[in-house]
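1. I'll drop the sequence and a predicted model, then ask my questions.
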Number of protein chains: 2
Amino acid sequence: MTGFNYELQATDGAARRGVIHTPRGDIQTPAFMPVGTAGTVKALYTDQVKETGADIVLGNTYHLMLRPGAEEVAALGGLHAFMRWSGPILTDSGGFQVMSLSQLRKMTEEGVTFQSHIDGRSYALSPERSIEIQCLLGSDIQMVLDECTPFPATHDEADKSMQLSTRWAKRSKEAFLSQPHRKDGQALFGIVQGSTYEDLRRTSAAALIDIGFDGYAVGGLAVGEGQSEMLRVLDFTTPLLPQERPRYLMGVGTPDDLVEAVSRGIDMFDCVMPTRSGRHGQVFTRYGKINIKNARHAHDPRPLDETSSCPAARDYSRAYLHHLIKNGEILGMMLLSWNNIAYYQSLMADMRAAIAEGRFEAFRRAFKETQAAGDIDPV
Amino acid sequence: MTGFNYELQATDGAARRGVIHTPRGDIQTPAFMPVGTAGTVKALYTDQVKETGADIVLGNTYHLMLRPGAEEVAALGGLHAFMRWSGPILTDSGGFQVMSLSQLRKMTEEGVTFQSHIDGRSYALSPERSIEIQCLLGSDIQMVLDECTPFPATHDEADKSMQLSTRWAKRSKEAFLSQPHRKDGQALFGIVQGSTYEDLRRTSAAALIDIGFDGYAVGGLAVGEGQSEMLRVLDFTTPLLPQERPRYLMGVGTPDDLVEAVSRGIDMFDCVMPTRSGRHGQVFTRYGKINIKNARHAHDPRPLDETSSCPAARDYSRAYLHHLIKNGEILGMMLLSWNNIAYYQSLMADMRAAIAEGRFEAFRRAFKETQAAGDIDPV
């Protein structure tokens, strides 16, 4: 198997258990992709990321195009060699961060020009340049450049934005097919937009399927609409997507978000939450979320989770972790990021097993009960 | 062997190869002790510290008495359990950091009162309380509370300060012997003071030897006097110390400092330099010191040292390390701290082998030539 393809192994309700085969290795789905923004999953060695069970990581085109630059990464052997990650890498298109981080943006039909949030230098990003950058990085799963429709948006605004994204998706596909740097087995995903409007999501999905992609992402969610609205959109959007292709919910989310989205047929996720929260003392465990800065942990000799296979969860007392985070110690950020990524991966593994064994709904209920009854700090 | 003792295995000139036997394991000397200020060698897992070859780490009494507190550490099973380091730990007395970090100090014959640099709370430290704290932490090698004489000091100032330290050393020894928390095999070191004055160093050493300690430190150096003056003081101070006890040069230093001090008969060192420098992009290698932030490293695919057994030195490109540090990535601090501690330990191992084989002077010359001709960045 040298190409890219999705193998659906089991379904349980709408939930799907599968494998994405890529030239760089298999991705067990549903999968959570740790975010390696600027060529590093923050505060973790790649060996640790792998050992937690992650099959794939995400790289941010926006950050990497600014520093060190796509051509520089290519000259150094590509992103895999640069960051020492031999498994698959998915890169986003850069569009989302242009909107959220850069200054003096100017959007046209052609693309977007912007100033770097780091040094103010001017850059241009178009569907074609985004694909070129992603190919220079050596990305295994590339994303089309789209406009992430702001929330809330009127139907008319969402329509216009989605139509632009659709035209950009077509240009992205053409650029992808003609890229000299592209390698066999690299994949391109389309991104369904349309805000919270079912008719627009339907139009977007149909147009993307018509263009034809290796996978389909649901974009424009987790942008402030709230979980129930997000799930409502997923309820009518995922059935629009082809069974034989992986489905990726971008930028999501909490453990509960993941469980709910998997139950609606999503296969792939990415989110900075486990690492970003970890650096700030927010801890995810199978008992729920805790704030290790809370004074009640200062004297607690128990580990975060004595049954975990992750040393960060199993071998360090809560009192020590509390001490490290309260003192701003890097080791605290290392351990909690590690714990959180390991927890997210174990959650995905548990969901995969539950789907394969036809007991996902029971798993989902038990998960919600445990989290609700869990060792949760008052905020 | 359940006690604490020093075994001198070989000498080469004034340089000494030995082993300190402790109930928690042997310390091969000359030894460099990584500094674990607040219960963590910053940005390193203890497993990594051990794997670099470190037999012992240092903990700072001042930091630990403020947070989380000596009684708290004791309640959590002691510093070894707290930070997950099973080997020997040396703790300082806290005196040096009281002088350099705290506010509103008041020094009397009895001891020193001060306000925490963290929250302004008042604390008292006396020879007796320092020993009590070090025993609560479970320290294997404890240091007497002394006054680190400021530099420069007049002969009269240095004399008065040294005499106070001598009286405190005697009280420390008495407190150590009567400590209910003390365990068999725990050791207490005296600290020779006297600034740069040979007669005062002689008086100090004689008085400490008369009290009797398990090892002898040279204090009051690396406080601004410069390397040549430091080595001049060592030239007349180390011969004053008993052959059958380990000798510890506190707070030193650069790789060159270590080589020069070992050549003068020093057995033990501690310094924050490898970790602190690493966090700021200063890299120690067998080719010399480099500043990884320097632009010339941005395109360099070579590792820091392809012959090193440390993954941080061997497996990551300088370009990647440059990128990480320039972007403030925690992984950059992790990798360079790791590299630097590994380099320091390999330097100690090389010195131990050279002494054992009677070729230390040749080693020292080759070291200086390599460093001088090395891959050194212009500052």
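-> Happy to help now that I have it.

2. how about the residues of chain A that lie near chain B?
-> A:38-40, A:42-45, A:67-68, A:72, A:75-77, A:82-84, A:279, A:298-299, A:301, A:315-317, A:319-320, A:323-324, A:326-327, A:329-331, A:333-334 (CB under 8 Å from any CB of the partner chain). C-betas here are computed from N, CA, C, even on glycine.

3. Provide a list of residue ranges in the stretch 51-200 of chain A with pLDDT below threshold.
-> Within the stretch 51-200 of chain A, no stretch falls below the threshold (pLDDT under 70).

4. what comes up buried for the longest helix along chain A?
-> Counting by DSSP state H, the longest helix found in chain A is helix A:330-356. For helix A:330-356, the neighbour count (16 or more other CB atoms under 10 Å in any protein chain shown) marks A:330-348, A:351-352, A:354-355 as buried.

5. got it, and stretch A:37-56?
-> A:37-46, A:48-49, A:51-56.

6. Among those residues, which lie within helices?
-> A:46, A:48-49, A:51.

7. Can you add distance to residue A:210 and give those back as JSON lines?
-> JSON lines is the format used below for those (distance: CB to CB, whole Å):
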{"residue": "A:46", "distance to residue A:210": "38"}
{"residue": "A:48", "distance to residue A:210": "42"}
{"residue": "A:49", "distance to residue A:210": "37"}
{"residue": "A:51", "distance to residue A:210": "41"}
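
8. quick check, nearest of these to residue B:131?
-> residue A:48 (39.7 Å; CB to CB).

9. which residues sit in contact with the closest one?
-> A:338, A:341 (CB atoms under 8 Å, 6 or more residues apart in numbering or on different chains).

10. 10 Å instead?
-> Residues in contact with residue A:48 (CB atoms under 10 Å, 6 or more residues apart in numbering or on different chains) are A:34, A:41, A:54, A:310-312, A:334, A:337-338, A:341-342, B:45.

11. so the longest helix of chain A versus helix B:330-356, what angle?
-> 120 degrees (axes from the mean of the first three to the mean of the last three CA atoms, to 10 degrees).

12. Could you give the separation of helix A:330-356 from the chain centroid?
-> Chain-centre distance of helix A:330-356: 14 Å, with CA atoms, centre = their mean, to the nearest Å.

13. so what does the next helix or strand after that helix touch, helix or strand wise?
-> Later in the chain than helix A:330-356, the nearest helix or strand by DSSP states H and E is helix A:360-373. Counting by 3 or more CB pairs under 10 Å, 6 or more residues apart in numbering or on different chains; DSSP states H and E, the packing neighbours recorded for helix A:360-373 are strand A:5-12, strand A:15-22, helix A:255-263, strand A:282-285, strand A:288-291, helix A:330-356.

14. Dump the ones you listed to JSON lines, plus distance to residue A:363.
-> JSON lines is the format used below for the helices and strands packed on helix A:360-373 (distance: least, CB to CB, whole Å):
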{"stretch": "strand A:5-12", "distance to residue A:363": "9"}
{"stretch": "strand A:15-22", "distance to residue A:363": "9"}
{"stretch": "helix A:255-263", "distance to residue A:363": "8"}
{"stretch": "strand A:282-285", "distance to residue A:363": "17"}
{"stretch": "strand A:288-291", "distance to residue A:363": "16"}
{"stretch": "helix A:330-356", "distance to residue A:363": "4"}
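
15. Could I get the ones you listed in TSV, plus columns for mean pLDDT?
-> Below are the helices and strands packed on helix A:360-373 laid out as TSV (pLDDT from 0 to 100):
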stretch	mean pLDDT
strand A:5-12	98
strand A:15-22	98
helix A:255-263	98
strand A:282-285	96
strand A:288-291	94
helix A:330-356	98
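
16. Please look at residue A:31 and residue A:270 and confirm they touch.
-> Yes. Look at residue A:31 against residue A:270 with CB atoms under 10 Å: they come within range, at 9.3 Å.

17. So for the two, which residues contact both of them?
-> A:56, A:90, A:248.

18. you'd agree the last one is in a helix?
-> What that stands for is residue A:248. No. Under DSSP: H, G, I helix; E, B strand; the rest coil, residue A:248 sits outside any helix and is assigned strand.

19. so the spatially most central residue of chain A is in which element?
-> Nearest to the mean C-alpha position of chain A, counting by CA atoms, centre = their mean, stands residue A:270 at 1.4 Å. In this assignment (DSSP H and E), residue A:270 forms part of strand A:268-271.

20. Output the contacting helices and strands for that strand.
-> So strand A:268-271, by 3+ CB pairs under 10 Å, 6+ apart, packs with strand A:25-29, strand A:31-36, strand A:57-59, strand A:215-218, strand A:247-249, helix A:255-263, helix A:330-356.

21. which residues does the residue lying farthest from the centre of chain A contact?
-> Within chain A, the residue lying farthest from the chain centre (CA atoms, centre = their mean) is residue A:299, at 35.6 Å. In this structure, residue A:299 makes contact with A:317-319, A:322, B:68, B:72, B:75-76, judged by CB under 10 Å, 6+ apart.

22. Tell me the one of these nearest residue B:119?
-> Closest to residue B:119, out of all of the contacts of residue A:299 and judged by CB to CB, is residue B:68, at 13.0 Å.

23. The closest one - nearest residue in space that isn't next to it in sequence?
-> Distances taken as CB to CB, 6 or more residues apart in numbering or on different chains place residue A:323 nearest to residue B:68, at 5.0 Å, with adjacent residues excluded.

24. angle of the helix or strand that the one you found is a member of against helix A:330-356?
-> Using DSSP H and E, residue A:323 falls within helix A:318-326. Using the same axes, to 10 degrees, the inter-axis angle of helix A:318-326 relative to helix A:330-356 is 120 degrees.

25. Can you show me the CA trace of helix A:318-326 as CSV?
-> In CSV, the C-alpha atoms belonging to helix A:318-326 read as follows (Å, rounded to 0.1, in the frame of the first residue of the first chain):
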residue,chain,number,x,y,z
ARG,A,318,-0.3,16.1,42.5
ALA,A,319,1.5,18.0,45.2
TYR,A,320,4.7,18.0,43.1
LEU,A,321,2.8,19.0,40.0
HIS,A,322,1.1,21.8,41.9
HIS,A,323,4.5,23.0,43.2
LEU,A,324,6.0,23.0,39.7
ILE,A,325,3.2,24.9,38.1
LYS,A,326,2.9,27.4,40.9
